[in-house]
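Student: I'd like to go over a predicted model; first the sequence, then the structure.
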Amino acid sequence: MSESDFARCARAIRFLCESVQEQPRLAEVAARAGVSEFHFQRMFQQWAGISPKRFLQYLTLQEAKGLLMESRSLLEASLELGLSSPSRLHDLFLSLECMTPGQFKERARGVQVGWTVVPTPFGPALLAALDGRLCGLSFLEGEDPGPALEELRARWPLAEFRREELAPLAEALGARFRGEPGRPLSLMLQGSPFQLRVWEALLAIPEGRVLSYGDLARTLGEPGASRAVGAAVGRNPIAWLIPCHRIIQGSGALGGYHWGAGRKRVILALERARISA
């Protein structure tokens with residue numbers, strides 16, 4: 001992609017971020033970028049990995065969350081964000097968060113996240129759950145769960161964290177580490193629509209196989225979004241189960257890993273050994 005296209009998209013993103021309350025139409029945003037609507041739609045999709053409309057919806061949702069956290073009513077939040085009716089905001093929450101605005105307000109305070117530290121073949125890991133669903137799995141450096149807990153708190157800033165046994169989840173996770181099917185695990189994931197698409201695509205990569213960032217972008221139908229894919233892979237909140245360790249660089253080099261390149265090498269080696277066996 002040319003530098004001029006990059007500059008146009010960057011200008012459009014700044015405009016969208018500054019104009020959420022006006023809910024600008026596609027024609028207005030394309031005019032700011034200096035291209036036709038048709039060209040802008042394709043250019044933005046290629047550069048950002050999502051459509052301009054979806055990006056504006058995501059920005060609107062984040063602004064709405066802030067207003068609702070301030071105890072604004074649904075009507076007040078809708079009007080401030082330039083939406084024609086509360087039903088539009090209601091539908092936006094359902095499509096992007098799978099919950100209503102009221103449910104979000106209820107969950108925003110007093111949410112209880114349970115956590116524990118469990119042994120794994122790749123070192124101790126912090127396991128976290130919300131409403132019985134796995135919301136975090138992070139390998140630890142040493143025995144200190146502090147850094148992993150801080151990452152959890154950044155994702156759930158108003159939640160109450162308490163140490164629990166979480167025996168059913170720990171047992172199901174242990175079975176999977178032993179190569180056994182175990183009982184089904186439900187996940188609670190927070191992320192942008194594009195991040196969720198990337199994490200879902202990671203789940204489809206078979207054990208023992210690796211893809212490059214470019215390969216993964218192409219499987220999503222976004223061949224020009226390797227950088228955005230890489231950022232989403234790096235923000236995966238659930239280690240090993242969502243196998244971001246199966247993504248390597250296009251050159252064939254191992255590449256980075258949120259929980260350490262050495263651990264990534266060990267995980268991949270074990271997976272290849274299992275396939276060979």
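Tutor: Sure, I can see it. Numbers count the residues shown, from 1 in each chain.

Student: So in this structure, where's the weakest helix or strand by average pLDDT?
Tutor: Sorting the helices and strands of the chain by mean pLDDT, DSSP states H and E puts helix 101-108 at the bottom, at a mean of 69.

Student: quick one: average confidence on the helix or strand following that one?
Tutor: Using DSSP states H and E, the next helix or strand after helix 101-108 towards the C-terminus is strand 112-118. Averaging pLDDT along strand 112-118 yields 94.

Student: ok, strand 112-118: who's next to it in the sheet?
Tutor: Using DSSP bridges, strand 112-118 pairs in its sheet with strand 125-130 (antiparallel), strand 160-163 (parallel).

Student: would TSV of these with mean neighbour count and mean pLDDT be doable?
Tutor: Yep, even glycine has a C-beta here, placed from its N, CA and C like the rest. Shown next, in TSV, are these (neighbours: other C-beta atoms under 10 Å; pLDDT from 0 to 100):
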stretch	mean neighbour count	mean pLDDT
strand 125-130	23	95
strand 160-163	12	92
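
Student: can I get those in TSV with distance to Leu185?
Tutor: Converted to TSV, the strands paired with strand 112-118 look like this (distance: least, C-beta to C-beta, whole Å):
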stretch	distance to Leu185
strand 125-130	10
strand 160-163	20
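
Student: Out of those, which is closest to Glu207?
Tutor: Ranking those by proximity to Glu207 (C-beta to C-beta) places strand 125-130 first, at 18.5 Å.

Student: Need the residues that contact that closest one.
Tutor: Contact with strand 125-130 is made by 111-119, 134-140, 145, 148-149, 152, 156, 159, 164, 166, 169-170, 173, 188, 239, as judged by C-beta atoms under 8 Å, 6 or more residues apart in numbering.

Student: Tell me the buried residues within those residues.
Tutor: Among the contacts of strand 125-130, those buried by neighbour count (16 or more other C-beta atoms under 10 Å) are 113-116, 118, 134-140, 145, 148-149, 152, 156, 159, 164, 166, 169-170, 173, 188, 239.

Student: quick one: which of those residues sit in strands?
Tutor: Among those, the members falling in strands (DSSP state E) are 113-116, 118, 134-139.

Student: related to what we said a few turns ago, closest one to Glu271 among the strands paired with strand 112-118?
Tutor: Among the strands paired with strand 112-118, if distance is taken as C-beta to C-beta, the winner is strand 125-130, at 17.0 Å.

Student: Could you check how many residues crowd around Gly224?
Tutor: 18 (other C-beta atoms under 10 Å).

Student: let me fix that: Lys105
Tutor: Other residues within reach of Lys105, judged by other C-beta under 10 Å, total 17.

Student: Likewise for Phe194?
Tutor: Neighbours around Phe194, by other C-beta under 10 Å: 21.

Student: likewise Ser212?
Tutor: 19.

Student: now it, which residues is it bridged with?
Tutor: With DSSP bridges as the rule, Ser212 is bridged to Ile248.

Student: Show me the shaky parts of the protein.
Tutor: Along the chain, segments meeting pLDDT under 70 span 1-3, 97-99, 103, 106-110, 277.

Student: how does it divide into domains?
Tutor: Residue ranges for the domains of the chain, per automatic domain parsing: 3-108, 112-177, 193-276.

Student: can I get these in JSON lines with distance to Arg183?
Tutor: JSON lines is the format used below for the domains of the chain (distance: least, C-beta to C-beta, whole Å):
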{"stretch": "domain 3-108", "distance to Arg183": "22"}
{"stretch": "domain 112-177", "distance to Arg183": "5"}
{"stretch": "domain 193-276", "distance to Arg183": "13"}
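
Student: That's all I had, so thanks and see you.
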